[in-house]
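Peer 1: Sharing a sequence plus its predicted fold:
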Amino acid sequence: MPKQFDVAVIGAGPGGYVAAIRAAQLKLSTVCIDGWKNAHGKPSLGGTCLNVGCIPSKALLESSENYERALHKFADHGIGVKGVTIDVPKMQARKQKIVETFTSGISLLFKKNKVESLHGFGRFAGRTPDGGYQIEVHGDGAPETIEAKHVIVATGSLPRPLPGVEIDNNLVCDNIGALSFDSVPKRLGVIGAGVIGLEMGSVWRRLGSEVVILEALPTFLGAADEHVAKEGFRQFTGPLGLKIYTGVKVGEITPGKNSVKVEYDDRDGKKHREEYDRLIVAIGRVPNTSGLNVESVGLKLDARGFVEVDGACRTNLPNVYAIGDAVRGPMLAHKSSEEGVAVAETIAGQSPHVDLSTVPWVIYTAPEIAWVGKTEQELKAQGVSYRAGQFPFIASGRARALGETAGFCKMLADANTDRILGVHIIGPFASELISEAVVAMEFGATSEDIARIVHAHPSLSEAMHEAALGVDKRTLNI
Ligand code: FAD
Ligand code: NAD
């Protein structure tokens, strides 16, 4: 007799593991099935985010920023440091320890919340007589079948392949290899000037690599507000020293013994042939849904392989939901988790809601980039009349004290109602500052509301306050 559950969650990334915990909190008997194994062949919960995404990349970003500070920034404070070195294996060991603390922490959270954890790949195997679902789990031993009344598909995403290019995660890497270099490559090539290309390019540039980023689109960071993208390009190609070429057409990629040759046409059609010690391919991600055996139950995928869902993450099948990177919307960990919570609560009979229009985006470069809501170019394209206020960090006392004065905070508000439509930040701790804007937008705040709130002095949050004052052309400190 197969084991029976109220809820089976397939995938234990930030979408799936959070959904499983919330379902169990709501007294639903819950199993979470996950097939991930780490580099040592051990099951490891947490999906892309914890194993090879958000968490390890932020650990390396921090290490590389500290190295950069010691080399180039401490002197300004009168601190002399000699003989600064970087021990890459030690840096990687620190990163791995952080990863393992969190991945093993999920096992503890599952125990605490009485979520049953099954290691293996789950695939639909048919319906049960009472309208539930059978799921076959292929782990290390013989396949096991379980049954569940409700299923949450949270299988996440995989790197988009570049046709004809084989990832060996040694010379030619996706995010997994890019996070695990054992030494600093002298010359690093990156294909794709997106979030991963910029974050990982920054890490290895700061540690000493010459980094060339090849981007197919003629524009840089097209999803960001264009003023932020422009300032980012200036900072990344200037003080940081990344070489970013937009509008290129990448041609043949030929791995050799110790290096890889890359041919490309630049935006003027001129041919180039360069050689890199390592190459990172980061050209987006695709939904990881091909192993689910969706045909066995008739679960509908769209042409790109995303599970088709409505606004509440319902699929075309009764009691089957899908969340996170496997469905439409931004591929972000916090979006996956909130959808997971909402689906668990829906199954338990509650009426939750996730507002995708206020999901914050963050790019953890230095300076950081963060935004929520509409960009200025989107408002123009939609014919929305708006007013903008902007404040540069160079005029912030706290930013001066930090020695991080690049960038600005910009607020966009409806010209008629003053309701905040978007906030765009490039600057220090933008990842933290953006929360104020998210809260404001969720509560339907106006720029005047933010302008009337007392912000601590001296703090970076004053830039948000001043940007809000700027909407009404009454900034005080510029
Ligand atoms: P995933 O995290 O991909 O988890 C899915 C899990 O399901 C995996 O463990 C997978 O093995 C498992 N699985 C798949 N199929 C099956 C199956 N059939 N049976 C059993 N298990 C299965 N987002 C942010 O918000 N902030 C960041 O800073 C950030 N940094 C990133 C850095 C990098 C380098 C990368 C690659 C991504 C980053 N992301 C970041 C994106 C973030 O990692 C994803 O949006 C997030 O992990 C998606 O969560 P998920 O639960 O939907 O899927
Ligand atoms: P991305 O979509 O951010 O960027 C991919 C870039 O590659 C785009 O600029 C695209 O135009 C370019 N590109 C596509 N095909 C190309 C080609 N043939 N040649 C050259 N350039 C090409 O994707 P990513 O950087 O791979 O990251 C994937 C996703 O992971 C992100 O979109 C994001 O959702 C998530 N992520 C988030 C964070 C974060 O939140 N800080 C960090 C890393 C990743």
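Peer 2: That came in fine, so what should we check first? Ligands and ions are numbered 1, 2, ... in the order given.
Peer 1: Could you list the contact residues of the stretch 351-478 of the chain toward ligand 2?
Peer 2: Val362, Ile363, Tyr364 (CB under 6 Å from any ligand atom). All C-beta spots, glycine's among them, are computed from the backbone N, C-alpha and C.
Peer 1: which among those gets closest to Asp140?
Peer 2: Comparing those against Asp140 with CB to CB places Tyr364 closest, at 35.4 Å.
Peer 1: give me every residue that touches the residue of the stretch 351-478 of the chain found nearest ligand 1.
Peer 2: Per CB to the nearest ligand atom, the residue of the stretch 351-478 of the chain with the smallest distance to ligand 1 is Tyr364, at 6.0 Å. Shown in contact with Tyr364 (CB atoms under 8 Å, 6 or more residues apart in numbering): Ser57, Lys58, Leu61, Glu199, Ser431.
Peer 1: tell me the pLDDT at the fourth one?
Peer 2: It stands for Glu199. On pLDDT, Glu199 comes in at 98.
Peer 1: ok, now which ones touch it?
Peer 2: With the criterion set at CB under 8 Å, 6+ apart, Glu199 makes contact with Ser57, Leu61, Ile363, Tyr364, Thr365.
Peer 1: ok so, going back, which one of the contacts of Tyr364 sits closest to ligand 1?
Peer 2: Ligand 1 lies nearest to Ser57 out of the contacts of Tyr364, by CB to the nearest ligand atom, at 4.4 Å.
Peer 1: so Thr145 touches Arg123, yeah?
Peer 2: No: with contacts counted by CB atoms under 8 Å, Thr145 stays clear of Arg123, the gap being 10.2 Å.
Peer 1: what residue is smack in the middle of the chain?
Peer 2: Centroid-nearest residue in the chain, with CA atoms, centre = their mean: Leu332, separated by 4.5 Å.
Peer 1: Quick check: neighbours shared by Thr145 and Arg123?
Peer 2: Common neighbours of Thr145 and Arg123, using CB under 8 Å, 6+ apart, are Ile135, Glu136.
Peer 1: When the two are compared, which one has more neighbours?
Peer 2: Using other CB atoms under 10 Å, the more surrounded residue of Thr145 and Arg123 is Arg123, with 18 against 12.
Peer 1: where does that one land in three-state SS?
Peer 2: Secondary structure state of Arg123, per DSSP: H, G, I helix; E, B strand; the rest coil, is strand.
Peer 1: So it sits against Glu136, correct?
Peer 2: Yes: counting by CB under 8 Å, Glu136 is a contact partner of Arg123 at 5.3 Å.
Peer 1: Which neighbours do these two have in common?
Peer 2: With CB under 8 Å, 6+ apart as the test, Arg123 and Glu136 both reach Asn293.
Peer 1: Can you report phi and psi for Asp347?
Peer 2: I think there's a mix-up here, since residue 347 is Ile and not Asp. When read as degrees, to the nearest 10, the backbone of Ile347 gives phi -60, psi -40.
Peer 1: Can you name every helix or strand that the helix ranked longest in the chain contacts?
Peer 2: For the chain, the helix with the greatest residue count under DSSP state H is helix 88-113. Counting contacts by 3 or more CB pairs under 8 Å, 6 or more residues apart in numbering; DSSP states H and E, helix 88-113 packs against helix 16-25, helix 47-52, helix 54-68, strand 115-119.
Peer 1: ok, the third one near ligand 1 or not?
Peer 2: Yes: applying CB under 6 Å from any ligand atom, one finds helix 54-68 in contact with ligand 1 at Cys54, Ser57.
Peer 1: That helix packs against which elements?
Peer 2: Using 3+ CB pairs under 8 Å, 6+ apart: helix 54-68 touches helix 88-113, helix 195-206.
Peer 1: I'd like to know how many residues surround the residue of the stretch 301-450 of the chain found nearest ligand 1.
Peer 2: Residue nearest to ligand 1 within the stretch 301-450 of the chain (CB to the nearest ligand atom): Gly324, separated by 2.3 Å. Neighbours of Gly324 under the rule other CB under 10 Å: 35.
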